[in-house]
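Asker: Fold the following.
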Amino acid sequence: MPYATAADGVRLAYQVAGTGSALVLLAGQANTHHWWDGIRADFETGHRTITLDWRGTGDSDKPDEVYSTRGFADDVVAVLDDLGVRQAAVYGTSMGGRVAQWLAARHPDRVHSLVLGCTSPGGKHAFERGPEVRRSLGQRDPAAARQALLELMYTPAWLASTSGPYNTLGDPAMPVYAKRRHLYASNKHDAWDVLPDIRVPTLVVHGTEDRFNPAANAPLLVARIPDARLHLIEGARHAYFDEFRSVASSAVLAFLREARQRPTAGLAHGKK
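Answerer: Have a look, this model is predicted:
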């Protein structure tokens, strides 16, 4: 297992597969690289895919300290540095999409193109999940809370026809303190002011039936990021990329191919 070392000495486990131009895949809150297990193969033919275990998860170190989405973005840069990757396409989903916003805004030379999936700008401008969603996830019965999360991730039809494994429900071995640190980082995310600084081709993808991270956040991102377009997946919930794999992966791959053909992609920061 390869490791990168962050600026503060934390070891970050990462994984590489496939061949072609570099593509960083960023998972959701409190999840490891296994978030991508069901669909990673879709990208490996044309891309060298790079994932990591967030600090606090998987095989990475788990310091008990304040985490932030901006700090997670710095961790991604540490992984790219360790691999010698100067620039990559970035596909971030859920909290990974929040991290990707900072990555593209604060490290523009490292990002060629950007896909933001089922995510939010955070802060006072964002649309938050409703109180009924928070109550369902906060149930004391672990089985009931897990079922509530499953129903936020996937449609009833999908759950009725599949038995898993479900790769989007969090790292089961994650310490409780690290889960709290991840929740804090995601809740405190606010990239609103820096979104106009993102100067690479950007695709925003969201399921229309996402209540975990309301779909109303997607148009906010598109309006705020100068070179962004919107792709809504009808009927999809939070884990649109998993359940609606054929639609979602095809849309993302088509966008990445188009972005690679734009010679100024990743170089227009400050010139638009």
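Asker: which residues does Met174 contact?
Answerer: 30, 56-57, 62, 182 (C-beta atoms under 8 Å, 6 or more residues apart in numbering). (Glycine included, C-beta is placed from N, CA and C.)
Asker: now do 6 Å
Answerer: Listed by C-beta atoms under 6 Å, 6 or more residues apart in numbering, the contact set of Met174 reads 30, 57.
Asker: Now it: phi and psi?
Answerer: Backbone torsions of Met174, given as degrees, to the nearest 10, read phi -70, psi 130.
Asker: does Gly122 really touch Asn187, like I thought?
Answerer: No - with contact defined as C-beta atoms under 6 Å, Gly122 and Asn187 do not form a contacting pair (8.2 Å).
Asker: Pick out whichever of these two has more residues nearby.
Answerer: Legend: neighbour count by other C-beta atoms under 10 Å for Gly122 and Asn187, higher for Gly122 (19 against 13).
Asker: Can you tell me how far the closest residue to the more buried one other than its chain neighbours is from Arg98?
Answerer: Take Gly122 and drop its neighbours on the chain: the residue closest to it by C-beta to C-beta, 6 or more residues apart in numbering is His189, 3.5 Å away. Applying C-beta to C-beta, to the nearest Å, the value for His189 to Arg98 is 4 Å.
Asker: between those two, who's got more neighbours?
Answerer: The neighbour comparison of His189 against Arg98 (other C-beta under 10 Å) goes to Arg98, with 32 against 25.
Asker: For whichever helix or strand the more buried one is part of, give me every contacting residue.
Answerer: Using DSSP states H and E, Arg98 sits in helix 95-106. Here helix 95-106 makes contact (C-beta under 6 Å, 6+ apart) with 26-29, 69-70, 72-73, 76, 90, 92, 111, 114, 116-117, 119, 186, 189, 191, 194, 197-198.
Asker: Next secondary structure after the worst-scoring helix or strand of the chain on mean pLDDT?
Answerer: In the chain, no helix or strand scores lower on mean pLDDT, DSSP states H and E than helix 131-137, which sits at a mean of 93. Per DSSP H and E, the first helix or strand lying C-terminal to helix 131-137 is helix 142-153.
Asker: buried set for that next one?
Answerer: Within helix 142-153, the residues scored as buried using 16 or more other C-beta atoms under 10 Å are 148-153.
Asker: And Gly92, how far from Arg146?
Answerer: To Arg146, Gly92 is 24 Å away according to C-beta to C-beta.
Asker: hey, what's in contact with both of His189 and Arg98?
Answerer: Here His189 and Arg98 have Thr69 as joint contacts, going by C-beta under 6 Å, 6+ apart.
Asker: that older thread, verify the stated contact: the residue nearest to Gly122 with Ser68.
Answerer: No - look at His189 against Ser68 with C-beta under 6 Å: they stay out of range, at 7.8 Å.
Asker: contacting residues around stretch 236-251?
Answerer: Stretch 236-251 is touched from outside by 38-39, 42, 118, 152-155, 158, 168, 207, 209-210, 212, 231, 233, with contacts defined as C-beta under 6 Å, 6+ apart.
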